[in-house]
Structures are given as C-alpha cells and as structure tokens.
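Colleague: fold the following for me, if possible:
(chains A and B)
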Amino acid sequence: MKILSLMTAVLVGAVLIYGTLDMPKWGDPHSPANTHVSPYYLHHSLEHTATPNVVTSVLADYRGYDTLGETTVIFTAGMACILLLRAGRKRRGKGDV
Amino acid sequence: MIRDSQDVIVKTLSRLLVPFMVIYALYVIMHGHHSPGGGFQGGVILAAGFVLLVVSHGLEQTRKRLSEKAAGVLSSIGVFIYAGIGALCLILGGNYLDYGKLSKLLPVVPAEARSLGILGVEIGVALAVMAVMFTIFLVIFTVGEFPEDDRSEK
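Modeller: Got it, this is the predicted structure:
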C-alpha cells in the first residue's frame, strides 16, 4: 500500500512538473501576462482608481474579490484556533476542578 | 499566566512605545495608497502593539482594553466591512466590489470613490487581521490555563 501511495505521488509530481515545462520563463517580457494584463494596469490604474500605488489598486480593486477571500481565510484561521484550543481548555477545566 | 511585570524599565518603555506603534500602524493603513503598506501590514503592527502590552503589563491589564470576546467580534466586523462595501456596490447598481458606484453616495467622481472604497476595505482588513492575530496569540499563549475561572479566585 505504501509503495502504491509513493508511486501515485511520484507520478502526479512528474505530471505536474511536465505541465510547468510549457509555462513562460520567470520574468519573460513576452509572456501573455506581461504583454496584456500588466501594461493595462500600469497605464490605467491612476485614472481608474486615483491611487498612485499600483500594488494597492490591483490588490484591493482589480483583484478585490481575491483579497476578500484572503481576509476570510485569516478570519477562519482565527476562529479555528479559538474552537480547537479553547474547547480543550474548557473540557479540561471541568474535569480537573 | 503572564502577570503584571514588576520591572519599571520594561513597563515604562512599553508604555512609551505602544502609542507610537499604534500611530505607525494607522499610518501604514492610511498611507497604503501612496507607499508600501495596507490593511494586512498595518493590522499586524497594531496586533504587535497589543502583544507588547500583554508581555509588559500582563494579561489582565490588556484584557481590560481588548477582551478576547471583543477581539472575536472585531474580526467579524472587519470581514463584514469588506463584504458590506462589496454588497453596497451591488445595491447601488454595480458589480460586487465595484467601488466606482460609491460615487452615488459620496460627493466625488468615480475614480476618487474607488480610492475611498479601497481605503474602506483596507480598514476592514486591518481590523480583521489585528483581531485575529491578537486572538491567536492569546489563545496559544494561555493554552492549558483557565483565565476566565482564575479571575474570580485572585
């Protein structure tokens, strides 16, 4: 069973690595992202959002939905910490006292 | 449990330091439009101020300023501000999180409204991040102790 799992992991890993071979090189100025999306944001960010910092305008406006998800992830992490760690504390408290 | 520190140097220094940390955190949040920064970074700096309070002035003193319950509520409010601004844009006739539509409520042009919308969601993010960081710190710090029950005994 272990060998089967290892085989599966190695196989999936190999497929994923094979998939990355087609991707454009890191920082390639002719990649699709750098020829269409990035110049559009750089040119229009100030007139669209009146925000000089392009990073902020992309993070909170163009990609606002993504940032909402990030905030929800952080919120969920906090709630999970409370639920997991405080639940143990309460139960042990009742048992000890 | 962390109790009130008896060290005068630590207490005085942290008392001097915490207000500046809060001011700097607010600066990082509000100045995210012009410089590196924003809700996530500013929220973490805010939480660091509270962590410094816990370390220097003890858990009880810090709880008086921001209780665990209040931190939980604040984190929900932060996410609610973000999602609420998005829903507000939806109600005003735009897409979800399309801040340009906020210009119907605010006396500014759509581009400026987008800038203000970004500021609004950054404040929401900062609140959520600050409260969650503080909550995680407290919960991990006090694991295995029962401060809620201890308080009455001491």
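
Colleague: the helices in chain B, which residues?
Modeller: Assigned by DSSP state H, chain B shows helices spanning B:8-30, B:39-65, B:68-91, B:110-141, B:147-153.

Colleague: nearest to chain A, of those helices?
Modeller: Closest to chain A of the helices of chain B is helix B:110-141 (C-beta to the nearest C-beta; 3.4 Å). (C-beta placed from N, C-alpha, C; glycine too.)

Colleague: anything in that closest one near chain A?
Modeller: Yes. Judged by C-beta under 8 Å from any C-beta of the partner chain, helix B:110-141 comes into contact with chain A through B:111-112, B:114-115, B:117-118, B:121-122, B:124-125, B:128-129, B:131-132, B:135-136, B:139-140.

Colleague: how far does that helix sit from the chain's center?
Modeller: 6 Å (C-alpha atoms, centre = their mean, to the nearest Å).

Colleague: what comes up buried for it?
Modeller: B:110-139 (16 or more other C-beta atoms under 10 Å in any protein chain shown).

Colleague: before we move on, what about stretch A:35-54?
Modeller: For stretch A:35-54, by 16+ other C-beta under 10 Å, it's A:41, A:45, A:48, A:49, A:50, A:51, A:53, A:54.

Colleague: can you pick out the most distant pair from those residues?
Modeller: A:41 and A:50 (14.4 Å; C-beta to C-beta).

Colleague: ok, and of the buried residues of stretch A:35-54, which contact chain B?
Modeller: Restricting the buried residues of stretch A:35-54 to those adjacent to chain B (criterion: C-beta under 8 Å from any C-beta) gives A:48, A:49, A:50, A:51, A:53.

Colleague: switch these over to a markdown table; also include secondary structure and pLDDT.
Modeller: What follows is these, written out as a markdown table (DSSP: H, G, I helix; E, B strand; the rest coil; pLDDT from 0 to 100):
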| residue | secondary structure | pLDDT |
| --- | --- | --- |
| A:48 | helix | 87 |
| A:49 | helix | 87 |
| A:50 | coil | 87 |
| A:51 | coil | 88 |
| A:53 | coil | 89 |
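
Colleague: how about the contacts made by residue B:120?
Modeller: B:81, B:85, B:99 (C-beta atoms under 8 Å, 6 or more residues apart in numbering or on different chains).

Colleague: from what I see, the first one and residue B:127 are in contact.
Modeller: This means residue B:81. Yes. Using C-beta atoms under 8 Å, residue B:81 is in contact with residue B:127, at 6.8 Å.

Colleague: shaky segments in chain A?
Modeller: A:88-97 (pLDDT under 70).

Colleague: next, count neighbours for whichever residue of it sits closest to chain B.
Modeller: Going by C-beta to the nearest C-beta, chain B is nearest to residue A:78 of chain A, at 3.4 Å. Burial of residue A:78 is recorded as 23 neighbouring residues (other C-beta atoms under 10 Å in any protein chain shown).

Colleague: contacts only, for the closest residue to it other than its chain neighbours.
Modeller: In space, and not counting its chain neighbours, residue A:78 is closest to residue B:132: 3.4 Å by C-beta to C-beta, 6 or more residues apart in numbering or on different chains. Neighbouring residues of residue B:132 by C-beta under 8 Å, 6+ apart: A:74, A:75, A:77, A:78, B:71, B:75.

Colleague: counting neighbours, which of the residues you listed comes out on top?
Modeller: Counting neighbours by other C-beta under 10 Å, residue B:75 leads the contacts of residue B:132 with 27 neighbours.

Colleague: hmm, it is touching residue B:136, no?
Modeller: No. Contact criterion C-beta under 8 Å: residue B:75 and residue B:136 do not qualify, at 10.1 Å.

Colleague: what is in contact with these two at once?
Modeller: Contacts common to residue B:75 and residue B:136, judged by C-beta under 8 Å, 6+ apart, are residue A:78.

Colleague: how about the contacts made by residue A:53?
Modeller: B:32, B:33, B:34, B:35, B:36.
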